[in-house]
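Q: Sharing a model that was predicted from the sequence below.
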Amino acid sequence: MTVLDPADKTPGSTPDDESRKKTAYRLIIFFGIVAMLGDVVYEGGRSVAGPFLFTMGASAFAVAFIAGFGEFVGYAIRIATGYLADKSKQYWAFVIAGYLMIGAIPLLVWAGSWEIAALLLIVERIGKAFRSPSKDAILSHATTAVGRGWGFGLHEALDQIGAVAGPMLFVLALASGGGYRGGFGLLAIPFALLLVALFLAWRSMPDPAAFEPGAGSGHGEQTGKGGRRQIRLYAVFTALTMAGFVVFPLLAFHFKALSIVPDAEIPAFYAIAMAVDAIVALGAGRAYDRYGLVVLGAVPLVSLAIPLIVFCPFYSGALAGAALWGASMGMQETVLRAAVADFTPPGGRGFAYGVFNTIYGGAWFAGSLVIGALYEFNIGYAAAFMVVMQCAALPVFWLVWQAQKGKASRSPELR
């Protein structure tokens, strides 16, 4: 079977190829609308989680712990949910269950203490653990027809429209005097729309695995000795760069505690970060399809600049740091996920995403604890730790890239 670049319309494309592309785009866009509405809800809540917890009496370490632990649980459980999804082949069931848990965010309107608020925030993260491996597996099938980098990038861009709209709801709520609880109440509306869109998506496309014909072939199954070494190096790179990547709630806490950014503008900063995320995701996705893993080298470089800028006690530094944070997220969400699909065979992608994302989230959680503790002691120490982690990730990335180049030289099928 001849393997064509799915991102290009070649002269030899058949009507069946064009039909597959149209079907794939329909799935990606439809699924993107579901993710967009989900982001309106949970990214809206996350944009003010730090200052909201601060107003309820939580400390900087507590905010970092809650955000980091939520991310860790949201990734650690993915091993189990990804494995069960592969075994049962009920990918949509896990996606639906996970999106239902987003309803914990509107319930924050009734949280009476920071401990209850923390529990609801963590429940939402558990929901992400349920849906993410299955969602990524579904997308990995669809994107074979349009290019994995571009497909994941397009989905991420749609996703981030909601990530911008959610925080902006809080800007309006805070500016109008509705407060944090008024904003959480507004999020019930997009959550209701999410349920409708999710039902329609499931009914319209119940078998997305059909988008990937010839599952027994393709470079995603090259898992020999060299391939396994590359995957291990890739996991180490991810762990290092995520350990040095600050969670946004701690940045928001920093903006609030030092009065760098007015309360009403903090969610706007998060919206800006998400807008940058969307734009960078599209560019990074196209670059990945054309150039391969080399584009991922920008992640530690961008993340390296964040602590050097964002912890300065200036409004302009906070704004630039938030934009850089979004740029790093855009590359992570696009290229990291696309590469995992290229490293693994179709039948085991749910579990592969579960394992890989556990490493991603575990490192982010551990790093968040260290950054939060160091921040309490001295902001400069927190920034130094982040810089050291990103510097450590760079030589590991170089090894991953060299391994990929070696594989490409041995097989014309590989990037």
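A: Nice, thanks for sending it over.

Q: helices and strands of this protein: which one has the lowest mean pLDDT?
A: helix 337-343 (a mean of 74; mean pLDDT, DSSP states H and E).

Q: Just the CA atoms of that one, as CSV, please.
A: C-alpha atoms of helix 337-343 as CSV (Å, rounded to 0.1, in the frame of the first residue of the first chain):
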residue,chain,number,x,y,z
ARG,A,337,0.0,14.5,21.1
ALA,A,338,0.7,14.1,17.4
ALA,A,339,4.0,12.4,18.0
VAL,A,340,2.6,9.9,20.4
ALA,A,341,0.2,8.7,17.6
ASP,A,342,3.2,8.4,15.2
PHE,A,343,5.1,6.3,17.8
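
Q: Check which element follows it along the chain.
A: helix 349-377 (DSSP states H and E).

Q: what's the angle between whatever helix or strand comes next after that next one and helix 349-377?
A: Once helix 349-377 ends, the next helix or strand along the chain (criterion: DSSP H and E) is helix 379-410. Here helix 379-410 runs at an angle of 150 degrees relative to helix 349-377 (axes from the mean of the first three to the mean of the last three Cα atoms, to 10 degrees).

Q: Which parts of helix 379-410 count as buried, going by neighbours?
A: 379, 382-383, 385-387, 389-390, 392-394, 396-397, 400-401, 403-404, 407 (16 or more other Cβ atoms under 10 Å). The way it works is simple: take the backbone N, C-alpha and C, and place the C-beta from them, glycine included.

Q: Extract the residue ranges of this structure that are flagged as low pLDDT.
A: 1-16, 205, 209-228, 343, 345-348, 404-415 (pLDDT under 70).

Q: which residue is nearest the centroid of it?
A: Geometric centre of the chain, nearest residue: Glu333, 4.3 Å, by Cα atoms, centre = their mean.

Q: Please report how far it lies from Gly326.
A: 10 Å (Cβ to Cβ, to the nearest Å).

Q: list residues touching both of those two?
A: Asp277 (Cβ atoms under 8 Å, 6 or more residues apart in numbering).

Q: which residue sits closest to Ala80, ignoring its sequence neighbours?
A: Gly354 (7.1 Å; Cβ to Cβ, 6 or more residues apart in numbering).

Q: shouldn't that neighbour be in contact with Ile79?
A: Yes: shown here, Gly354 and Ile79 form a contact pair, counting by Cβ atoms under 8 Å, at 4.3 Å.

Q: more neighbours, these two?
A: Gly354 (28 against 19; other Cβ atoms under 10 Å).

Q: Give me the distance between the more buried one and Ala129.
A: 8 Å.

Q: Between these two, which contacts overlap?
A: With contacts taken as Cβ under 8 Å, 6+ apart, the residues that reach both Gly354 and Ala129 are Arg78, Thr81.

Q: Count the residues that sit near Lys256.
A: Neighbour number of Lys256 under other Cβ under 10 Å is 20.

Q: That one and Gly50: what is the separation?
A: Distance, Lys256 to Gly50, by Cβ to Cβ: 7 Å.

Q: Give me the common contacts of those two.
A: Joint contacts of Lys256 and Gly50 (Cβ under 8 Å, 6+ apart) are Ile266.

Q: so how far is the first residue of stretch 303-323 from its last?
A: With Cα to Cα, to the nearest Å as the measure, stretch 303-323 spans 11 Å from end to end.

Q: Tell me the gap between that stretch and the middle of its chain.
A: Stretch 303-323 sits 21 Å away from the centroid of its parent chain (Cα atoms, centre = their mean, to the nearest Å).

Q: Name the residues that touch that stretch?
A: In contact with stretch 303-323 (Cβ under 8 Å, 6+ apart) are residues 241, 244-246, 251, 254-255, 258, 260-261, 269-270, 272-273, 276, 324-325, 328, 379-380, 382-384, 386-387, 390-391.

Q: Swap in 6 Å and give it another go.
A: With contacts defined as Cβ atoms under 6 Å, 6 or more residues apart in numbering, stretch 303-323 is touched by 245, 255, 258, 260-261, 269, 272-273, 276, 324-325, 328, 379, 383, 386, 390.

Q: Quick one, which of the residues you listed are buried?
A: Counted by 16+ other Cβ under 10 Å, these give 245, 255, 260-261, 269, 272-273, 276, 324-325, 328, 379, 383, 386, 390 as buried.
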